[in-house]
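Colleague: 3D, please:
(one chain, ligands or ions: 1)
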Amino acid sequence: MQNRIVTLDEFIIHRQKEVPFASGELTGLLRDIGVAAKIVNREVNKAGLLNILGAAGSENTHGENVQKLDLYANEKLIECLRNSGECCGIGSEENEEFIPVPPVDGKESKYVVVMDPLDGSSNIDVNVSVGTIFGIYRRKSEPSGPVNAADFLQKGEDLVAAGYVLYGTSTILVYTTGRGVNGFTLDPTIGEFCLSHQNIQIPKRGNYYSVNQGYYLKFDVEMRRYIDHCSDENYGLRYIGSMVADIHRILFQGGIFLYPNTRKYPLGKLRLLYECNPLGFIVEQAGGRAISCYLERILEIEPKELHQRATIAMGSPEMVDEMQAFVQKYSTLPV
Ligand code: P6P
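Modeller: Numbering: from 1, shown residues only. The predicted structure is shown next:
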């Protein structure tokens, strides 16, 4: 792409031409997600004005009920996906069951979307960056029939596309369709996501590790030994408490993100389908690694339920390799 403004829409359409037999349906779906991201961004950016607009659950000056932002984001994303005509089902962090989406104008659509509409939303009230995470799968069930659980319970390696939107000092949408990772920064003056980070490549290693150090004594010995190693190497600790923001930093500065199992979360806290898999797909596409704390490749884990949790270590390949060596050396489990 020459040195000029390239919008997300233009980039998606341009890249579609490189895919033989591409029918434009995935293009349409990605563009619809981009629109939803702009709508969510508009409200997230106003969050700091809640004391004027009214906190969630209260009424604003217009007598309207103010929604919690994660529910608002969920509603807007579902609305956009319902109207897209390219999505036949949605698995959302905010909904216990997956949501079947009826055909639009009788058109049979072939993609399902898994998403965390607003991850880290507890940080919103203190103006810390939050994010939207999404993954797109090709449905496995008959196009003429209803979606079923199998359409959603697919390994991360079967993702057709994945991305996130980071609502931070600027709003950036990062996505992959399996042919590299690209980032688009929202230019509010023209209301467009513009190509700002082409072909993102994660550094082989970095000077930061990212884990909730407060749980150190609750981690298994192998994780404590690896975290001790990070301290011995004088790595800095950077932990925002918003996974999208931590992963985004690691994509550019290098580093490793860890959320091991703890007594409170014996299977890990983060969700496999709509947090670990989409971000793991992006990290791998940028040249990084994403594994569980039992050394399984995240994208190869067979999901059993929609809200399944997983332990996670992802980031710079050489640092994940080192963490793997510590697990192999100190773990009491057969890894
Ligand atoms: P903890 C936010 O609630 C989240 O799901 C991720 O975005 C974040 O990485 C993690 O949980 C933070 O969890 O237990 O360290 O507060």
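Colleague: I'd like to know which helix or strand in the protein has the lowest mean pLDDT.
Modeller: Across the helices and strands of the chain, the lowest-confidence element by mean pLDDT, DSSP states H and E is helix 50-53, at a mean of 48.
Colleague: now the closest residue to Met115 other than its chain neighbours, which residues is it bridged with?
Modeller: Setting aside the residues directly before and after it, Met115 is nearest to Phe134 in space (C-beta to C-beta, 6 or more residues apart in numbering), at 4.4 Å. Heads up, the C-betas are built off the backbone N, CA and C, glycines and all. Beta-bridge partners of Phe134, counted by DSSP bridges, are Met115, Gly163.
Colleague: residues near Phe134, how many?
Modeller: By other C-beta atoms under 10 Å, 28 other residues sit near Phe134.
Colleague: how close does it sit to the ligand?
Modeller: For Phe134, the distance to the ligand under the criterion C-beta to the nearest ligand atom, to the nearest Å works out to 15 Å.
Colleague: do you know the pLDDT at that residue?
Modeller: At Phe134, the model reports a pLDDT of 98.
Colleague: residues contacting the residue nearest the centre of the chain?
Modeller: Closest residue to the average C-alpha location of the chain: Ile133 at 3.1 Å, with C-alpha atoms, centre = their mean. Contact partners of Ile133, counting by C-beta atoms under 8 Å, 6 or more residues apart in numbering, are 115-116, 119, 163-164, 243-244, 274-275, 278-279.
Colleague: and Gly315, by the same measure?
Modeller: Gly315 sits in contact with 202, 206, 210, 247, 250, 254-257, 283, 288-289, where contact means C-beta under 8 Å, 6+ apart.
Colleague: which parts of the stretch 201-335 of the chain sit against the ligand?
Modeller: Residues of the stretch 201-335 of the chain that fall close to the ligand, judged by C-beta under 6 Å from any ligand atom: 212, 241-243, 269.
Colleague: actually the stretch 51-200 of the chain, not the one I typed
Modeller: Residues of the stretch 51-200 of the chain lying close to the ligand (C-beta under 6 Å from any ligand atom) are 119-120, 122.
Colleague: buried ones from the residues you listed, can you make that a ChimeraX selection?
Modeller: Selecting only the buried entries of these in ChimeraX, with 16 or more other C-beta atoms under 10 Å as the criterion:
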select :119,120
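Colleague: mind putting the residues of the stretch 51-200 of the chain next to the ligand into TSV with distance to Asn148 and secondary structure?
Modeller: Shown next, in TSV, are those (distance: C-beta to C-beta, whole Å; DSSP: H, G, I helix; E, B strand; the rest coil):
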residue	distance to Asn148	secondary structure
Asp119	26	strand
Gly120	31	coil
Ser122	33	helix
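Colleague: and Ile33, how close does it get to the ligand?
Modeller: Using C-beta to the nearest ligand atom, Ile33 is found at 19 Å from the ligand.
Colleague: contacts for stretch 72-82?
Modeller: With contacts defined as C-beta under 8 Å, 6+ apart, stretch 72-82 is touched by 29, 32-33, 35-36, 39-40, 43-44, 67, 87, 90, 92-95, 99, 101, 104, 113, 115, 117-118, 121, 132, 134.
Colleague: stretch 170-183 too?
Modeller: If you take C-beta under 8 Å, 6+ apart as the criterion, stretch 170-183 is touched by 8, 11, 15, 18, 26, 30, 34, 37, 41, 45, 159-166, 184-186, 193, 195-200, 248, 251, 281-282, 285-286.
Colleague: which residues does the residue lying closest to Leu272 once chain neighbours are set aside bridge with?
Modeller: Once flanking residues are discounted, Leu272 sits nearest to Ala310: 4.2 Å by C-beta to C-beta, 6+ apart. Following DSSP bridges, Ala310 is listed with bridge partners Leu270.
Colleague: what ranges does the stretch 101-250 of the chain have for its strands?
Modeller: Taking DSSP state E, counting those that start in this stretch as the test, the strands found in the stretch 101-250 of the chain are 111-119, 130-138, 161-167, 171-176, 181-187, 192-197, 208-210, 236-237.
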